[in-house]
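Participant: 3D, please:
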Amino acid sequence: MTLLRRTGAVLIGAVLVLPGAAQSASAVPAPPDPRDLLLNPYVGTPAVAKPLPKLTLPQHPYMARNGANNIHNDAYQSDAYYGPGPLGQNPKIASTMYANECASVTFDRAGRIVTVCVGLTGASLKVLDPTTLKEIASFSLPPRKPGTFSFTNFSGGGYFYLDHLDRAVVSTSTGHIFVIAVKGDTLTKVRDIGVSAVTAGAGIQSALPDWAGRLWFVTTDGLVGMVDSKGKVHPHQLPGEVIANSFAIDESGGVFVVSDKALYRFDVSKGKPKVTWRKTYDRGSVVKPGQVSQGSGTTPTLIDSAKSKGGGSIAITDNADPKMNIVVFRRGKAGPGSKPLCKQPIFQSGQSSDENSLISVPGGLIAENNYGYTGPLPAGATLRSPTTTPGLVRVNVNYKSGGCKIAWSNTTTRIPSSVSKANLKTGLIYGYTHPSSAELPWKVAALPEALAPDSWFFTAFDIRTGKQVWSQLVGSGLAFNNNYAPISLGRDGAAYVGTLGGLVRIADTP
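Facilitator: Numbering: from 1, shown residues only. The predicted structure follows:
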């Protein structure tokens with residue numbers, strides 16, 4: 001999607017800056033919508049855990065434990081967990097109101113939340129209690145330049161990672177990458193890596209370490225950079241290309257980047273980043289509603305060890321017309337091959353887009369349809385966010401010899417923008433859903449669309465069938481819109497969703 005007008009930013013700020021919403025140590029909940037009383041808050045039945053096999057996910061030596069180190073869980077960007085998660089047993093909702101979106105959520109060794117909360121003027125790194133959401137510590141990042149805020153600008157802190165020493169590595173809007181240590185109940189900047197000389201004002205989209213500990217970063221205008229062990233910055237420009245997402249890394253030294261035109265593998269050659277191979281894909285003809293660039297909306301997902309056939313596999317979605325495709329290639333140094341291992345069209349013709357990473361599950365991939373999400377601002381005369389095109393699909397892939405097919409397709413659920421996650425121990429997919437006004441679980445006769453609440457639900461689906469198992473109302477209004485934030489699972493099985501208001505927690509209760 002294109003950047004929203006500045007008036008939109010002003011409106012959202014006016015709506016979200018409510019009494020008691022100032023940043024403070026105490027967790028102030030987001031305000032409820034009285035119309036929620038007209039809805040059944042829970043539909044479905046609690047799940048019984050049905051575990052699936054674990055994925056092959058090596059632990060990165062320079063990142064915190066898998067499942068806790070970045071927005072997509074691990075260096076392979078699997079978006080899959082293997083641990084406890086909500087089963088839908090009397091779910092309890094808690095929230096904290098900052099009027100900032102606490103999107104990327106990581107967890108330190110003590111199990112506490114480490115998150116970056118992004119707002120109109122800037123961002124801050126916070127440590128929160130995982131149960132009460134009480135603020136423990138906060139570190140203000142450099143402010144944004146006036147007029148540069150956008151709901152689709154993820155640079156300058158939207159992506160960050162927690163390293164193996166419990167340090168948050170966060171890019172700023174000023175061309176720097178901060179390393180901030182979580183020491184007890186304090187946050188301390190221990191390193192400041194300046195890269196503004198090569199970024200030339202472009203936003204740093206994401207930064208991650210390779211398996212040798214060198215820091216890589218990408219910018220919105222197609223720069224791929226590497227900081228070596230001596231602190232020297234080595235840039236590699238992709239002329240005329242845009243990078244709108246994060247990237248993936250594997251144990252062979254590969255760094256995998258997708259731009260709006262091609263998929264890349266980078267390696268280090270003579271101490272500098274070098275393109276090992278480049279593979280173009282069908283980028284379509286337009287920026288579809290629900291995406292931020294004309295190209296793939298997915299961070300690359302890696303499958304299988306780098307020691308497996310072809311050096312393992314790599315998956316993205318393209319932006320083809322009339323239907324987008326899941327495409328899978330080999331990822332080894334020998335190259336991706338002349339044809340993909342898998343190219344599978346998904347979702348409705350003329351209404352397919354995905355701005356969130358594919359979910360890796362044993363034997364396949366899961367994608368959601370974000371078509372029609374044009375931002376959090378009300379659509380038309382209603383006070384509701386846009387109603388998007390439904391779609392959730394699983395594609396089974398033969399990673400050894402090639403080929404793929406649709407295993408199931410859920411054509412009714414609407415997931416506007418969440419980074420949905422799989423939990424292989426519970427056998428569930430977790431999404432953040434936004435039913436149309438007519439689809440809301442009304443206790444009474446449905447209100448007209450113009451009067452219906454803008455309601456958001458935490459919803460669980462069966463990985464094996466795609467069927468909805470249960471759904472819990474989280475809240476209504478702009479403060480509960482997740483706007484591209486992920487679902488994250490803590491070590492106790494609670495789920496967290498960043499929202500425009502701050503952060504919400506969903507957990508089973510006895």
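Participant: May I ask which helix or strand of the protein has the lowest mean pLDDT?
Facilitator: Among the helical and strand segments of the chain, the one scoring lowest on mean pLDDT, DSSP states H and E is helix 6-16, with a mean of 37.
Participant: Next secondary structure element downstream of that one?
Facilitator: Downstream of helix 6-16, the first helix or strand assigned by DSSP states H and E is strand 42-44.
Participant: list the helices and strands that following strand packs on?
Facilitator: Other elements packing on strand 42-44 under the criterion 3 or more C-beta pairs under 8 Å, 6 or more residues apart in numbering; DSSP states H and E are strand 468-476. From N, CA and C alone the C-beta is placed, and that goes for glycine too.
Participant: 10 Å - rerun?
Facilitator: With contacts taken as 3 or more C-beta pairs under 10 Å, 6 or more residues apart in numbering; DSSP states H and E, strand 42-44 sits against strand 455-462, strand 468-476.
Participant: Need the winner for burial among those strands.
Facilitator: The highest mean neighbour count among those belongs to strand 455-462 (a mean of 25), with neighbours defined as mean count of other C-beta atoms under 10 Å.
Participant: re the thing from before, which one, of the helices and strands packed on strand 42-44, ends up nearest to residue 483?
Facilitator: strand 455-462 (10.8 Å; C-beta to C-beta).
Participant: export the closest one as CSV, just CAs?
Facilitator: Extracted in CSV, the C-alpha atoms of strand 455-462 (Å, rounded to 0.1, in the frame of the first residue of the first chain):
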residue,chain,number,x,y,z
SER,A,455,-13.8,-5.9,16.9
TRP,A,456,-10.6,-7.9,16.9
PHE,A,457,-10.3,-11.6,17.9
PHE,A,458,-7.5,-14.0,18.8
THR,A,459,-8.3,-17.1,16.8
ALA,A,460,-7.0,-20.6,16.8
PHE,A,461,-7.1,-22.9,13.7
ASP,A,462,-6.2,-26.6,13.3
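Participant: That one pairs with which strands, parallel or anti?
Facilitator: In its sheet, strand 455-462 lies beside strand 428-433 (antiparallel), strand 468-476 (antiparallel), with partners assigned from DSSP bridges.
Participant: What is the distance between the longest one and the centre of its chain?
Facilitator: Chain-centre distance of strand 468-476: 19 Å, with C-alpha atoms, centre = their mean, to the nearest Å.
Participant: quick one: strands adjacent to the next helix or strand after it?
Facilitator: On the C-terminal side of strand 468-476, the nearest following helix or strand under DSSP H and E is strand 487-489. With DSSP bridges as the test, strand 487-489 is paired with strand 495-498 (antiparallel).
Participant: Quick check: beta-bridge partners of residue 272?
Facilitator: residue 269.
Participant: would CSV of the strands paired with strand 455-462 with distance to residue 248 be doable?
Facilitator: Compiled in CSV, these are given as follows (distance: least, C-beta to C-beta, whole Å):
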stretch, distance to residue 248
strand 428-433, 21
strand 468-476, 30
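Participant: Please, where are all the strands along the stretch 201-350 of the chain?
Facilitator: All strands of the stretch 201-350 of the chain, identified by DSSP state E, counting those that start in this stretch, fall at 204-209, 215-219, 223-227, 233-237, 248-249, 255-258, 262-269, 272-280, 301-303, 313-317, 324-330, 342-346.
Participant: does residue 133 really touch residue 497, like I thought?
Facilitator: No - counting by C-beta atoms under 10 Å, no contact exists between residue 133 and residue 497, whose distance comes to 11.9 Å.
Participant: anything in contact with each of these two?
Facilitator: 95, 102, 503-505 (C-beta atoms under 10 Å, 6 or more residues apart in numbering).
Participant: List just the one of the strands paired with strand 455-462 that sits closest to residue 290.
Facilitator: Across the strands paired with strand 455-462, residue 290 has its closest neighbour in strand 428-433 (14.4 Å, C-beta to C-beta).
Participant: what about this structure, any weak spots by pLDDT?
Facilitator: Within the chain, the stretches falling below the threshold (pLDDT under 70) are 1-26, 146-157.
Participant: and if we set it to 50?
Facilitator: Within the chain, the ranges that satisfy pLDDT under 50 run 1-24.
Participant: Just give the nearest non-adjacent residue to residue 121, would you?
Facilitator: Closest residue to residue 121 apart from its sequence neighbours, by C-beta to C-beta, 6 or more residues apart in numbering: residue 143 at 5.3 Å.
Participant: What about the one you found, how many residues nearby?
Facilitator: Residues within reach of residue 143, counting by other C-beta atoms under 10 Å, total 15.
Participant: didn't it look like it was pressed against residue 122?
Facilitator: Yes - in this structure, residue 143 is within contact of residue 122 by C-beta under 10 Å, at 4.0 Å.
Participant: Show me the common contact partners of the two, please.
Facilitator: With contacts defined as C-beta under 10 Å, 6+ apart, the residues shared by residue 143 and residue 122 are 172-173.
Participant: Let me see the contact set for the spatially closest residue to residue 400 that is not a sequence neighbour.
Facilitator: With C-beta to C-beta, 6+ apart as the criterion, residue 400 has its nearest non-adjacent residue at 6.0 Å, and that residue is residue 309. With contacts defined as C-beta under 10 Å, 6+ apart, residue 309 is in contact with 330, 332, 399-401.
Participant: Perfect, that will be all.
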